[in-house]
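[1] Please find the sequence and the predicted model below.
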Amino acid sequence: MNDVVEAVEGANAEALARMLAGDPVLVDVVGAGEAIPALGEKVIGHAGPPVAWREMCGPMRGAVAGIAVFEGWARDLADAEQRAAAGDFTFRPNHDFDAVGPMTGMTTRSQPLLVVENRAFGNRAYCTINEGLGKVMRFGGNDGEVLARLAWLRTRLGPALGAALRDQGGIPLKGLVARGLTMGDEMHQRNVGCTGLLLRALAPALARTCPDREALAEILAFIAGNDQFFLNVAMVMGKAIMDPVRNIDGASVVTAMCRNGTDFAIRVSGTGDDWFTAPVEMPEGLYFPGFTAADANPDMGDSTIVETVGLGGFAMAAAPAVAGFVGAGSASEAALTTRAMSEITVGHNPEWTIPALDYLGVPSGIDIRRVLETGLAPTINTGIAHREPGIGQVGAGVVRAPMACFADAARALGHRLGVS
Amino acid sequence: MSVTENRVRPGVFIDSVALMRISRDIAALPGIEDAALMMGTPANLEILADAGLLAEAGAAALGGDLILAVRARDRAAAEAALAAAAECLAAPGGSSVGDAGAGWQPRTLRGAVDTLPGANLALISVPGDFAAAEAWKALRLGLHVMIFSDNVAIEDERALKQAGRERGRLVMGPDCGTAIIAGTPLAFANEVPRGDVGIIGASGTGIQEVSCLVARAGGGVSHAIGVGGRDFSSEIGGIATHMAIDALDNDPATREIVLISKPPAAELLPALVARIAASEKRFTLCLLDAAPIALPENARQVATLAEAAGRPPAFDAAAQAPKPGPGRRGARGLFCGGTLAGEAGILFRRAGRDDAMIDLGADERTRGRPHPMIDPAPRDELLAGALADGDLAVVLLDLILGHGAHGDPAGGIAAALAAASADRPHVVASVTGTDRDPQSHAATTARLAAAGVLLAPSNAQAAELALACLAAGDD
């Protein structure tokens, strides 16, 4: 038994070492069909583990209908829903394509994707560009305004960002995130600092490569006007860091957490590509004017990859402004959240430190054994979508990962290690 | 000629305040003239150059790169300082217990060690089924372990103690109720001053009795180490006892070592005797009910805990013993401390008597309820029954004070005596404790004396007083 424990500890040390060695660089923006050839005609990448149309929640259905119209696979939203119900579309988790997507996570062939390369391991990961706040596709919005913005991202912003990134040889993200942590970001609910830092890093190359001054002004205003612009960058960075951690024999470290609005799922390094799922929970949070918890959809999105690398809820102590979403909402309570998450991780990230905790590194490498031992489920900072299709974001809050995923994963890992 | 060394970490950003704190510590290392950790911005490169800290490697750094720069007396000092800086960077927030983390209650041993990085001992008090697993975690964290829990399998105890020995970590217990490490009482233990007597005990109440007697005689205890009741069995082989002897033998503050145990398994005696002979310190062995053992000159064997603590307090049992009432011939002991019950039983048998010395803390009596040291109510009930028993000449009690014990163990006894008729057996008791204990030895004995209890200064002498009462009735 002790041999098994030593083996798991060794495998987890390797997992954490790979996480910490990761060198994520935002290198490009490319069309999804080019980056991911498998994203062909009528193939729709979505957030979370596999889900069929009939099981999809309201906002996910709304987003599917909207993206089908956007891609020209349906005349209108009603037609799109009929086609979806008839099995016209192939639904695949984004994670199947080295990709992640926020909330509904719609990823289809004509959308521009952020590309992050992990230069320590050579792998690449992908994510769509953040659309802004309010009525947006990731929260299930699908009207003309939403689709027009997606078209602008496709024709204007995506190509311009790609050109700027190629021009300057990419933007290393690890140091940028370290700096964002000292500016009060936790990279899930709050990305004000990092968005500013990214814009600062991008602006000279954008100015150099964007020939049209009006277009440039529009692009700069769009990024500057969206405090969450960096969220999608943080997500794709997380995916690029975590993918090399997959498939280490015996490792009990979580390599991905995600939800599709119906189920929550985790992947664990030592159990390959199996998803361990459980019904997703309802976030507790604060609501925009005119909305209440009764309007809320259950938790959704691939954005929990941010917590998987030690940010988001795990870095709560760095972001006192986000603390309002946690219970009483004091800064000291935010610190306690980070300390609690330290109990369930393999270690800390010495390059991503939190000044308020005397430069403690963010807790990194979620160990399913420790989750079960302590009964402390990962704390996740999240946006809240309306439960009906087409409405969009109604609030933000905090949600816990369901324990059943971790228990199932531990059983499976134990079985592989011959200790079941 | 001084040496300037730079290291560059590409793409590593650390907040400047954190870097300045590390820089200050590195600059204070031996042989270091100056040191700085800075991000490689143009302005910082200029500062480093002006300070004579910039070497070729650093000069090539970019704004997003971290530079570690030292100027040292020689290369060795520079390398040592850079290594120290790397260590600081690998574990930032070394004292991770900032104010912002205050109020955090760790959920795991590992979390506790993170919160209190200097800690080197874990006290494990969980249901027995889980105790071994927690003890393994503690050992893996490099901690010494005190296992308060009982009902741990002897195979687990052996494996844990063997692993602890390999790692140089003491495993105390299981069922280790008492320890005092460097003046800190753990679990059931008393406030005793520090001194030169080291105690090793297989029994919690035995350690408490000896440490309190040492303290009340004006002495003090360096360390009291519990080893668990099975340590000197054939299966365990005295692993913890030998490690404890080694520790106390190497401890300059310890002059004398007292070992309290049941008689060791016969095959373990030669190694114990040899180990004692190899020491220059004085040993006192209190091996309850053991036949005399041939010991080296630096060791003596005693029969009672009171003798183990040194010279027993002056006490003339025969002179203090009242006659029992007419027709009263029996005796009954109602004990909270197992070793104290055992000690009384030995003395009674040596006097040719076989009266019941009941250990109310025995496993079969405490299943599903607190130990009588914590909740003396069960004993108070039995005492009321004994006081109404027309055959009994004397009832013998122990009271154990200190941390973990009931706040007022004398209260129930006084109440039972107040409710009893005038025609009752004598009640004889001793109080294990010190005046610095929360319950206070002086206050407790005064209360008992006022209630009509006959008091002896030690458990053994209380047994002698009870025997003297019985003998007075035979006259």
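    Thanks, I have the structure now. As the structure is a computational prediction, the values presented were derived from the model and not from experiment.

[2] Against A:Asp98, how distant is the residue of the stretch 1-150 of chain A at minimum distance from chain B?
    Nearest residue of the stretch 1-150 of chain A to chain B: A:Asp23, at 6.6 Å (Cβ to the nearest Cβ). No exception for glycine: its C-beta is placed from N, CA and C like everyone else's. Separation of A:Asp23 from A:Asp98 (Cβ to Cβ, to the nearest Å) stands at 17 Å.

[3] and what of B:Ala76?
    Applying Cβ to Cβ to B:Ala76 and A:Asp98 gives a distance of 47 Å.

[4] So what does A:Arg166 look like in phi/psi?
    Here is the backbone geometry of A:Arg166 (degrees, to the nearest 10): phi -60, psi -40.

[5] so which helix or strand takes in the nearest residue to it once chain neighbours are set aside?
    Spatial nearest neighbour of A:Arg166, chain neighbours left out: A:Asp28 (6.0 Å); criterion: Cβ to Cβ, 6 or more residues apart in numbering or on different chains. Here A:Asp28 sits within strand A:24-31, counting by DSSP states H and E.

[6] list the helices and strands that strand packs on?
    strand A:112-118, helix A:158-168, strand A:171-172, helix A:229-242 (3 or more Cβ pairs under 8 Å, 6 or more residues apart in numbering or on different chains; DSSP states H and E).

[7] So which bits of the lowest-mean-pLDDT helix or strand in chain A are buried?
    Between all helices and strands in chain A, the lowest mean by mean pLDDT, DSSP states H and E belongs to strand A:284-287, at a mean of 82. By 16 or more other Cβ atoms under 10 Å in any protein chain shown, the buried positions in strand A:284-287 come out as A:Glu284, A:Gly285, A:Tyr287.

[8] I'd like those residues as JSON lines, with distance to B:Leu48 appended.
    Shown next, in JSON lines, are the buried residues of strand A:284-287 (distance: Cβ to Cβ, whole Å):
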{"residue": "A:Glu284", "distance to B:Leu48": "49"}
{"residue": "A:Gly285", "distance to B:Leu48": "47"}
{"residue": "A:Tyr287", "distance to B:Leu48": "51"}
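
[9] Listing partners with orientation, what would you give for the strand holding A:Asp28?
    strand A:112-118 (antiparallel), strand A:171-172 (antiparallel) (DSSP bridges).

[10] Output the ones you listed as CSV; include the columns mean pLDDT, distance to B:Leu123 and mean neighbour count.
    Conversion of the strands paired with strand A:24-31 to CSV gives the following (pLDDT from 0 to 100; distance: least, Cβ to Cβ, whole Å; neighbours: other Cβ atoms under 10 Å in any protein chain shown):
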stretch, mean pLDDT, distance to B:Leu123, mean neighbour count
strand A:112-118, 98, 44, 25
strand A:171-172, 96, 47, 22
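
[11] So which of the ones you listed is nearest A:Leu150?
    Closest to A:Leu150 of these, according to Cβ to Cβ: strand A:112-118, at 9.6 Å.

[12] How about the contacts made by the nearest residue to A:Gly140 once chain neighbours are set aside?
    Once flanking residues are discounted, A:Gly140 sits nearest to A:Pro59: 2.6 Å by Cβ to Cβ, 6+ apart. Neighbouring residues of A:Pro59 by Cβ atoms under 8 Å, 6 or more residues apart in numbering or on different chains: A:103-104, A:139-140, A:261, A:297, A:300, A:385-389, A:391.

[13] run the last query once more with 7 Å
    A:Thr104, A:Phe139, A:Gly140, A:Gly261, A:Asn297, A:Met300, A:Ala385, A:His386, A:Pro389 (Cβ atoms under 7 Å, 6 or more residues apart in numbering or on different chains).

[14] wouldn't the first one be in contact with A:Ile44 here?
    When you say that, I think you mean A:Thr104. No: using Cβ atoms under 7 Å, A:Thr104 is not in contact with A:Ile44, being 10.0 Å away.

[15] circling back to that earlier point, and the pLDDT for the residue nearest to A:Arg166?
    Listed pLDDT for A:Asp28 reads 98.

[16] Could you report the neighbour count for it?
    Neighbour count of A:Asp28, defined by other Cβ atoms under 10 Å in any protein chain shown: 21.

[17] Kindly report the same for A:Arg370.
    A:Arg370: 22 neighbours (other Cβ under 10 Å).

[18] Distance check, it against A:Glu9.
    Relative to A:Glu9, A:Arg370 is positioned 12 Å away (Cβ to Cβ).

[19] Equivalent analysis for B:Ser125, please.
    Taking Cβ to Cβ, one finds B:Ser125 at 25 Å from A:Glu9.

[20] Have a look at these two and say which one is more surrounded.
    Taking neighbours as other Cβ under 10 Å, B:Ser125 and A:Glu9 compare with A:Glu9 leading, 17 against 12.

[21] what's the helix or strand for that one?
    Element membership for A:Glu9, per DSSP H and E: helix A:2-21.

[22] buried set for that helix?
    A:Val5, A:Val8, A:Glu9, A:Ala11, A:Asn12, A:Ala13, A:Glu14, A:Ala15, A:Leu16, A:Arg18, A:Met19, A:Leu20.
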